[in-house]
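Visitor: 3D, please:
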Amino acid sequence: MSRGGVLIHLKCAPKTVSDRAHRKEHEHLDAYVAVAGVETLYQELQSRGARIIKPLGPQPWGHTCSPLGGQSANFNVLVGPDGSETVFTIPSGSVLVITAVDVLGFDAAPGAGIQTRLFRGVLGTGFSVFSLRESVAGPDGRIFHRYEFPSGVEVASAGLVCANSNNNDLVMSGFLYGFVK
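Guide: The predicted model follows:
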């Protein structure tokens, strides 16, 4: 399956009935693709007769945690050793201690000045910047920013972490490293 330069290879792996039910109930992700104009794509797929299991709508991982505009990457999917993915939340009474964050960006204009910012906060109460990096997009329109926090940065229970860019063309992804205490 391919579209617009993105190729997805799908395979079918047999699962038990209980495994399928658990994955469906907890909305485990088997594939994730960031797209621009998701509403337009959704309408197109509907008009072409695609079987849509769940309508498009707000999800706990689909928020924008920065009021500054630009693109955001939300750090709330936990990847297990087997490659399985699940939505991550900080348990009540615990804190997430961030030790490092990698931000990957692509699709910017070559040579564009890029600033990425890391935010933490709680929906409804606001977000604050806790670090930022600046660089210039390479000839391929990509950037890589590594943030390191040897003493750790704490995020309280119910808190969220995201990266945001000053460049609306930059598609972002990343990895957050840390532990819960």
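Visitor: where do the strands sit along this structure?
Guide: Taking DSSP state E as the criterion, the chain contains strands spanning 2-3, 6-7, 72-74, 77-79, 85-87, 95-106, 113-122, 126-136, 143-156, 160-165, 171-180.
Visitor: beta partners for Y177?
Guide: A100 (DSSP bridges).
Visitor: So it is in contact with V101, correct?
Guide: Yes: with contact defined as C-beta atoms under 8 Å, Y177 and V101 form a contacting pair (7.1 Å). Glycine gets a C-beta too; all of them are placed from N, C-alpha and C.
Visitor: So what's the predicted local confidence for E27?
Guide: At E27, the model reports a pLDDT of 55.
Visitor: what's the answer for V95, then?
Guide: 90.
Visitor: ok, what's across the strand from it?
Guide: A156.
Visitor: okay, the strands of the chain, which one's buried deepest?
Guide: Among the strands of the chain, strand 160-165 has the highest mean neighbour count (mean count of other C-beta atoms under 10 Å), at a mean of 25.
Visitor: strand partners of it, parallel vs antiparallel please.
Guide: strand 72-74 (antiparallel), strand 113-122 (antiparallel).
Visitor: V95: which of these is closest?
Guide: Across the strands paired with strand 160-165, V95 has its closest neighbour in strand 113-122 (10.8 Å, C-beta to C-beta).
Visitor: contact partners of that closest one?
Guide: With contacts defined as C-beta atoms under 8 Å, 6 or more residues apart in numbering, strand 113-122 is touched by 65-66, 68, 101, 103, 105, 108, 127-137, 143, 145, 147, 153, 155-156, 158-167, 170, 172.
Visitor: let's go with 7 Å and repeat that
Guide: By C-beta atoms under 7 Å, 6 or more residues apart in numbering, the surrounding residues in contact with strand 113-122 are 65-66, 101, 103, 105, 108, 127-137, 143, 145, 147, 155, 158-167, 170.
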